[in-house]
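**Q** need the 3D shape of this:
(one chain, ligands or ions: 1)
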Amino acid sequence: MLDNLDHFKCLKRGTAGAINIDPLQRGGILTPEAREAILEWADGYSVCDYCTGSLEEIQTPPIKEFVREALPQFLEVDEVRISHGAREGIFAAMHALCQGGETVIADGNAHYTTLLAAELAGLKVELVPASEGPGYRVDPGGYQEAISRARGRGERVAMAVLTYPDGNYGNLVDPKAVSEICTDAGLPLAVNGAYSVGRMPVSAKSLGADVIVGSGHKSMASSGPIGIIGATEELATRIFRRSKLVPKKELEMLGCTLRGAGILTMMASFPAVVERTRRWDEEVEKARWFAGEMERLGMDLQGDQPHGHDLMFFKSEILYEISKTAKKGRYFLYRELKKRNIFGIKPGLTRQFKLSSYQLSREELETVLSAFEEIVSNHPKA
Ligand SMILES: Cc1ncc(COP(=O)(O)O)c(C=O)c1O
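**A** Numbers count the residues shown, from 1 in each chain. Sure thing, here's the model as predicted:
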């Protein structure tokens, strides 16, 4: 094996020029500025040229200004730190704010990483169930019921998490309503903004979030893994507490998180990211138009109606019926889209799939719609 490694030398992704509709990837596509930054800062510990002891204190490049001023202002939150992703932010908050054996409340549409974070922190999870499809709605009032259920069993409830929006249906639950319930119950609320921070306007203050996390590689045009965690002053002193053994370093962050190009891509994209959040209404309008056209072709949008996010989950019996007789069976949709230079729907999916219209032009989305239209009309149904 080690004598024949030439195929590692020149790795190509093979997606140049394609239309990418993968919800996981749309908001993480780099700006031209970030592409330049990645080359400039690509070497391992490149940000440490002028280190003064901790990542958020570095002034050259201007990480200090970015983390201490720009990000808190952007998110309307007291303190921000850079993490390796949304999941690490959620874990840091749970680990710092809860004691082993306590319970966290989370929405039934929460991302799996919220459950793993709780498990790793030694916590129990009480879910607020989502309704049946097609809405899959989480009712804010369900948080009160979940708190009462857990407390009724004698559990100590320590915090709540709201996924805003969730990563399956793009549903947006009223965070203010959840926050009021949490405040009355004496619980901090962590908002998982993996699909919102960097896409839509997000103010931790207006949402009523005590902790907010975001994902750079999902929604802030950054090269991953990278995320952000913000907290109110009161909680920041607990989450970002310093080590007793190495007092310059923050314990929960294991000293320094992003030590290379990733943070420079986030910084280089930041002006464009701030700007694009101001045009969120256009994205919602485009998503609604696109969903309407897909429904006309026979697909059923799940989740919020009218839809409030670019992440869309469709059920599609029509494509499933076609797959029963199509060449390559359930892989036919992936292959047909690939032939037309469109990718992002997972190979093998036909009956239900997610996609995103984020930052795609109307022309590109029309190309996607024509592809679906052709695929439906060119194939006989079973
Ligand atoms: C809603 C949601 N939260 C969190 C994550 C994880 O984000 P990260 O990779 O930044 O940890 C995802 C990833 O798909 C997600 O969809």
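**Q** checking L127 next. Helix, strand or coil?
**A** strand (DSSP: H, G, I helix; E, B strand; the rest coil).
**Q** is it in a bridge, and if so with what?
**A** A106 (DSSP bridges).
**Q** now it: how far from R149?
**A** Using C-beta to C-beta, to the nearest Å, L127 is found at 10 Å from R149. Where you see a C-beta, it was placed from the backbone N, CA and C, and this is true even at glycine.
**Q** tell me, how many residues neighbour the closest residue to the ligand within the chain?
**A** Nearest to the ligand in the chain, going by C-beta to the nearest ligand atom, is G167, at a distance of 2.5 Å. Using other C-beta atoms under 10 Å, G167 is surrounded by 23 other residues.
**Q** what's the nearest residue to it if we skip its chain neighbours?
**A** Counting by C-beta to C-beta, 6 or more residues apart in numbering, H111 is the residue found nearest to G167 once chain neighbours are left out, at 5.1 Å.
**Q** now swap in K205 and tell me
**A** E76 (4.3 Å).
**Q** circling back: my guess is the residue nearest to G167 contacts L162. True?
**A** No. If you go by C-beta atoms under 8 Å, H111 and L162 don't touch, sitting 11.5 Å apart.
**Q** the more surrounded of those two?
**A** Per other C-beta under 10 Å, whichever of H111 and L162 has more neighbours is L162, with 32 against 22.
**Q** now do the contacts for H307.
**A** Applying C-beta atoms under 8 Å, 6 or more residues apart in numbering to H307 gives the contacts G170, V284, A287, R288, A291, L301.
**Q** need the pLDDT of the first one.
**A** Confidence at G170, expressed as pLDDT, is 98.
**Q** that one and P306, how far apart?
**A** According to C-beta to C-beta, G170 stands 12 Å off from P306.
**Q** check Y50 too.
**A** 50 Å.
**Q** same question for F66.
**A** On the measure of C-beta to C-beta, F66 and P306 end up 36 Å apart.
**Q** how about I212?
**A** Taken as C-beta to C-beta, the span from I212 to P306 is 25 Å.
**Q** ok, these two, which is more surrounded?
**A** Set I212 next to P306 and count neighbours by other C-beta under 10 Å: I212 wins out with 31 against 10.
**Q** relative to the host helix or strand of the more buried one, what are the paired strands and their orientations?
**A** I212 is part of strand 211-215, with elements assigned from DSSP states H and E. Taking DSSP bridges as the criterion, strand 211-215 sits next to strand 189-192 (parallel), strand 227-231 (antiparallel) in its sheet.
**Q** that older thread, for the residue nearest to G167, give me the pLDDT.
**A** 98.
**Q** on that earlier part again, anything in contact with each of H111 and L162?
**A** Counting by C-beta under 8 Å, 6+ apart, the residues touching both H111 and L162 are N192.
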